[in-house]
Each structure stands twice: as C-alpha cells, then as structure tokens.
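1. Next one to model:
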Amino acid sequence: MAKEAILGAIWMAVWVAVAIAASLKDGSVGLPGREFFKALPEDEQPDYLTFELSRGYTEKVKEKKRNLQFRDEELTINVPDDLGIPDGLVEKFEALEVPQNFTENLYDLVKTEFDLDEPRIRTLILSRSVCLVNGVCIDLDDIGALCCPF
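-> Reported below is the predicted structural model:
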C-alpha cells in the first residue's frame, strides 16, 4: 500500500512539473523578471543587465566586506561611473520599478549558470564579456537571451 502511495505521489509530481513547464513554454504563466526585462527596449537591455548586475555585485562585495571575508579594493566597482552607460539611461534605470529580488536573482543566475567568481563577474560587468579557462566566452548580449527565468 505504501509503495502505491509513493508511486502515486511521484506521478502527481511529474504531472504537475509537466503542466508547469507547458504553461511556461506557452507564456500563460508570466515570470515577473522575464516580463520586466523583455519590456525594456532591446537596445537598452545589455546596458540594463550591466547596471543591475553591477548593483548585485556591489551588494555582495559590501556584504563580504562587512563580514571581513573580502578585502580586495581592486574588485570594487564605482557604480555608475565605471559602467560606460549614458547618464540618461542610468537615471532611467534607477527610476524603474524593478520586480522584487530581480537584482539578487540576476546576480545569482549569472554566478551559477556560468560558474563565475567575483573577479570574473567584475570583468563581465566592466568589459561586457569574459572568457573562461576552457575558451568559452560570455557576453552580456548572450545573457540577455537567457534572462530572466525568475
């Protein structure tokens, strides 16, 4: 009897997962981060990713400094001065109503999806691209295609 209950629970979980995946594929369930990002003008999306990723990075660096886990001043970024984003866009980005946890989710997505440490994330932010030891290069336009599954 317990075996049947477990199998029933597994089938139910599979069915729910398939239903969720199907609804995400057809767009009937909106993801706030994705909808927000796709609503930005396409030519502003790479700048916006740079801006938000730098904010997430800066928060992580500040948190590590507070916990005395991070002391390298060379890894700081002066936001927005170091980003190369026109002042008008920076002002626009600062005024946007960003979905809850968007910045943290974006930072975590980039860090885990591409297995980047802080120095490489910093390089990605400042150069808009970074190449890994295995020869694979990542640029913010590519990340834009993946953005934002949250």
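2. if I look at the spatially most central residue of the chain, how far off is residue 146?
-> Centroid-nearest residue in the chain, with Cα atoms, centre = their mean: residue 106, separated by 1.7 Å. Separation of residue 106 from residue 146 (Cβ to Cβ, to the nearest Å) stands at 10 Å. Bear in mind the C-beta positions are built from the backbone N, C-alpha and C, glycine included.
3. Got the domain ranges for the chain?
-> Domains of the chain are assigned by automatic domain parsing as 1-29, 31-146.
4. lowest-confidence stretch among the ones you listed?
-> Mean pLDDT values for the domains of the chain show the minimum at domain 1-29, a mean of 47.
5. Quick one: the helices in this protein, in order.
-> Under the criterion DSSP state H, the chain contains helices at 2-25, 32-39, 45-66, 87-95, 102-113, 118-127, 140-146.
6. Tell me which of those sits nearest to residue 74.
-> With Cβ to Cβ as the criterion, residue 74 lies closest to helix 118-127 of those, at 8.8 Å.
7. For that closest one, buried residues please.
-> Using 16 or more other Cβ atoms under 10 Å as the test for burial, helix 118-127 gives 120-122, 124-125.
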